[in-house]
Structures are given as C-alpha cells and as structure tokens.
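Asker: Sequence plus the predicted model coming up.
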Amino acid sequence: MGPWGVRVHHPEGVEAHGVELARGGLFLHCAEPFPPLFTRLSLTLWLGGEEVPCEGEVVRHVDAAHARVWEVSPGIGVQLVSPCPRLRELFERVRGQSSASAGDPGLSGR
C-alpha cells in the first residue's frame with residue numbers, strides 16, 4: 001500500500017482496488033454495480049501512517065463507457081462527510097505530497 005489506502009465498510013461489499021485523493025474527497029476505483037448516489041459509506045483511511053475512520057457519500061459514478069472516454073478507471077466519487085480536523089490535516093498533507101511528487105493536479109481538474 002502506498003502513502004494512503006482505504007477500506008470500505010458497506011453491506012453490499014464495495015471493493016475498492018485503488019484510490020485517488022481529491023479536494024474534499026476521493027475516487028474509488030471499483031467495479032459495477034456501484035452503490036446508488038448519495039449512499040453513505042463508512043470508510044477507514046490510511047493516511048501518512050495513521051488509520052482514520054470516517055464517513056463519505058457517493059457523489060459520482062464513472063461507468064466503464066465514460067472511463068474509456070476519459071481514460072480513467074471506472075469507479076465512484078466519494079465526498080467526505082464532516083471530516084474531523086485530524087483527518088483534514090492528514091488528507092491535505094498526503095494529497096499535497098502525492099501531487100508534488102507526481103506532478104498531477106489530482107481529481108479537482110477532472
């Protein structure tokens with residue numbers, strides 16, 4: 001696992017096989033069927049060596065057809081819900097490090 005990772009706790013078993021950090025949320029690479037929009041997900045994020053439980057809400061679906069056109073992986077966009085101050089701090093630190101090292105602006109531009 002890189003400098004971050006995620007475990008999704010959902011009764012329908014969403015399996016994320018990758019994650020990209022974005023401003024205020026993340027994008028989980030996963031297969032369809034996706035949880036419906038506005039579904040709340042319990043998550044455990046690993047950021048900067050710390051494990052942080054949190055909640056997110058599904059705000060976007062990127063199906064296989066759109067993923068091919070946009071040259072990204074299929075999956076779901078998840079907005080963090082009421083992140084605690086420590087999570088925000090870790091999130092921004094790890095996001096900043098990964099953007100600087102990869103030269104990638106993250107998902108905020110997609």
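Answerer: Great, that's in hand.

Asker: in the lengthiest strand in the chain, what's buried?
Answerer: The strand spanning the most residues in the chain, taking DSSP state E as the definition, is strand 50-62. Residues Val52, Cys54, Gly56, Glu57, Val58, Arg60, His61, Val62 are the ones in strand 50-62 that count as buried (16 or more other C-beta atoms under 10 Å). The C-beta positions use only the backbone N, C-alpha and C, and glycine is treated the same way.

Asker: which one is Val14 nearest to, not counting chain neighbours?
Answerer: Sequence neighbours aside, Val8 is the residue nearest to Val14 in space, at 4.6 Å (criterion: C-beta to C-beta, 6 or more residues apart in numbering).

Asker: Please verify my assumption that the one you found contacts His17.
Answerer: No: the pair Val8 and His17 does not pass the contact test of C-beta atoms under 8 Å, sitting 10.8 Å apart.

Asker: on contacts alone, who are the packing partners of the helix or strand where Leu26 lies?
Answerer: Using DSSP states H and E, Leu26 sits within strand 25-29. In terms of contacts (3 or more C-beta pairs under 8 Å, 6 or more residues apart in numbering; DSSP states H and E), strand 25-29 is packed against strand 4-9, strand 18-22, strand 50-62, strand 75-81.
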